[in-house]
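Participant: build me a structure from this.
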Amino acid sequence: MSQVQDTAMAEQNTLFLTEEEMSSLADEGSPIEVLLASIPHDHEGRLEPKEVLGEGGMALIHAAQDRALRRRMAMKLLRPRFNDDDQAVFFFIREGQITAQLDHPNIVPVYDVGRGSNGLFISMKLIEGQTLDEVFDRYPTPPLPRETEFELLNIVQRVCDALSFAHAHGVLHGDIKPQNIMVGTHGQVYVMDWGLARPCPPVGDSADGPVIDLPDLPGIALPRLIGTPTYMAPEQASGRECDHRTDVFAVGGLLYRALSRQRPYYAGSISAVLKKARDRDLKPPSEVIGSNAIPEKLEAIVLKAMAANPAERYQTIDDLSRDLLGFQHAEMFQG
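Facilitator: Predicted coordinates for the structure are as follows:
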């Protein structure tokens with residue numbers, strides 16, 4: 001489904017307060033109450049929630065109908081039990097504000113953050129398609145046919161494009177995994193779920209644009225040990241400082257999952273998975289699936305992206321993308 005965002009309408013509906021206005025409200029409540037005061041009400045019920053499309057621990061994803069524009073969109077609703085949880089409310093609003101600033105063809109467009117009769121919501125483009133995890137599940141057992149291999153590399157290239165844009169604007173995603181990548185019915189690729197994003201120094205081929213305004217709130221900080229353990233880089237699993245190379249590792253994890261048919265780390269408990277991630281205790285994909293099933297040069301790219309020491313990884317997502325493109329071109333000429 002193709003939907004075009006009406007920028008003027010979005011600007012009218014997103015009525016966040018200026019710093020001066022926020023300051024003037026400081027005596028009127030707690031920081032979270034001041035933040036909520038900046039989020040507009042959908043008093044007239046412009047968005048009508050429809051069927052549930054998915055759910056997570058903190059939120060439900062509904063299809064929704066915009067009554068004014070007559071278009072379907074996705075509506076992420078914070079679960080009611082978190083309405084009084086300051087941390088949950090802040091990070092929910094923060095996700096919408098960050099994603100809305102990341103205007104890129106491979107990042108899901110956010111239309112609005114608001115409050116309605118059903119509570120806090122984020123409205124965004126409705127992606128008709130599958131998660132990358134579902135795409136991987138339909139892949140045949142390696143060795144992958146050339147057509148499937150190229151499909152995989154094209155998808156990962158688009159993920160790299162999205163991350164290159166984010167890194168150039170001072171944001172790392174922090175939770176890249178197949179479930180957070182959507183592939184549309186016409187091959188569109190979108191990086192979703194920027195709720196764990198954190199600041200990083202702008203890097204990459206296009207690191208000359210404005211830095212994204214990452215919201216913060218006194219007394220509330222993003223925990224260092226947060227993410228999905230099965231795709232974590234060692235520094236993330238250890239609660240150490242992360243940077244853009246943490247995302248490079250996770251993109252290597254996407255390729256690992258596709259080529260080996262397994263997640264990088266697997267164990268019987270979360271604590272055991274975290275230990276494996278801290279120690280970077282993983283087998284090369286060829287040892288998992290078979291030595292003749294994966295091209296050596298492609299495996300070398302995966303293992304470099306997933307090096308334990310960030311200094312030994314690709315130093316930017318653009319470097320990884322270039323090697324993937326070079327491998328793809330070499331395969332085309334050999335074929």
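Participant: so where do the helices sit in this protein?
Facilitator: 7-13, 19-24, 31-37, 86-101, 132-137, 146-168, 234-237, 244-260, 270-279, 285-289, 296-305, 317-334 (DSSP state H).
Participant: mean pLDDT for the ones you listed: which is lowest?
Facilitator: Across those, helix 7-13 has the smallest mean pLDDT, namely a mean of 31.
Participant: quick one, grab the pLDDT at the closest residue to Gln97 other than its chain neighbours.
Facilitator: Spatial nearest neighbour of Gln97, chain neighbours left out: Pro215 (5.3 Å); criterion: CB to CB, 6 or more residues apart in numbering. To be clear about C-beta, it is placed using only N, CA and C from the backbone, and glycine gets the same treatment. Looking at Pro215, its pLDDT is 78.
Participant: and for Pro215, the neighbour number?
Facilitator: Neighbour count of Pro215, defined by other CB atoms under 10 Å: 16.
Participant: ok, now which ones touch it?
Facilitator: If a contact means CB atoms under 8 Å, 6 or more residues apart in numbering, then Pro215 has 90, 93-94, 97-98 as its contacts.
Participant: next, it: phi, psi?
Facilitator: Phi and psi for Pro215, reported as degrees, to the nearest 10, are phi -60, psi 150.
Participant: spatially nearest residue to Leu152 (excluding sequence neighbours)?
Facilitator: Ala258 (5.2 Å).
Participant: and if you look at Val113?
Facilitator: Nearest one to Val113, counting by CB to CB, 6+ apart, is Gly96 at 3.8 Å.
Participant: what of Glu149?
Facilitator: Nearest to Glu149 is Glu331, by CB to CB, 6+ apart, at 7.4 Å.
Participant: that neighbour contacts Leu325, correct?
Facilitator: No - at 10.8 Å, Glu331 does not count as touching Leu325 under the criterion of CB atoms under 8 Å.
Participant: how about the contacts of Pro215 in TSV, adding distance to Arg79 and neighbour count?
Facilitator: Listed next are those as TSV, based on distance: CB to CB, whole Å; neighbours: other CB atoms under 10 Å:
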residue	distance to Arg79	neighbour count
Phe90	15	20
Ile93	15	22
Arg94	17	22
Gln97	20	20
Ile98	20	22
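Participant: closest to Leu132 out of these?
Facilitator: Among the contacts of Pro215, Ile98 lies closest to Leu132 (CB to CB), at 21.0 Å.
Participant: isn't the closest one right next to Arg198, touching?
Facilitator: No - counting by CB under 8 Å, Arg198 is not a contact partner of Ile98; they are 9.7 Å apart.
Participant: next, show the common contact partners of those two.
Facilitator: 171, 214.
Participant: related to what we said a few turns ago, of all the helices of the chain, which lies closest to Gly119?
Facilitator: Per CB to CB, nearest to Gly119 of these: helix 86-101, 9.7 Å.
Participant: contacts for the closest one next, please.
Facilitator: Looking at helix 86-101 with CB under 8 Å, 6+ apart, the contacting residues turn out to be 14, 16, 30, 32, 35-36, 39, 58-59, 78, 82-83, 107-108, 110, 112-113, 120, 122, 124, 169, 171, 193-195, 197, 212-215, 217, 220, 222.
Participant: just give me the neighbour total for Gly219.
Facilitator: So Gly219, with other CB under 10 Å, has 11 neighbours.
Participant: need the contact list for the residue lying closest to it once chain neighbours are set aside.
Facilitator: Ranked by CB to CB, 6+ apart and with sequence neighbours excluded, the top spatial neighbour of Gly219 is Pro31, at 7.2 Å. By CB under 8 Å, 6+ apart, the contact set of Pro31 is 217-219.
Participant: for Ala267, list the residues it contacts.
Facilitator: Ala267 makes contacts with 273, 275-276, as judged by CB under 8 Å, 6+ apart.
Participant: correction: Arg67
Facilitator: Residues near Arg67 by CB under 8 Å, 6+ apart: 45-48.
Participant: what's the neighbour count on Val171?
Facilitator: As a burial measure, Val171 scores 25 neighbours (other CB under 10 Å).
Participant: one more: Ile270?
Facilitator: 10.
Participant: need the contact list for it.
Facilitator: Pro229.
Participant: how much space between it and Asn118?
Facilitator: 32 Å (CB to CB, to the nearest Å).
Participant: what of Leu144?
Facilitator: In terms of CB to CB, Leu144 sits 43 Å off from Asn118.
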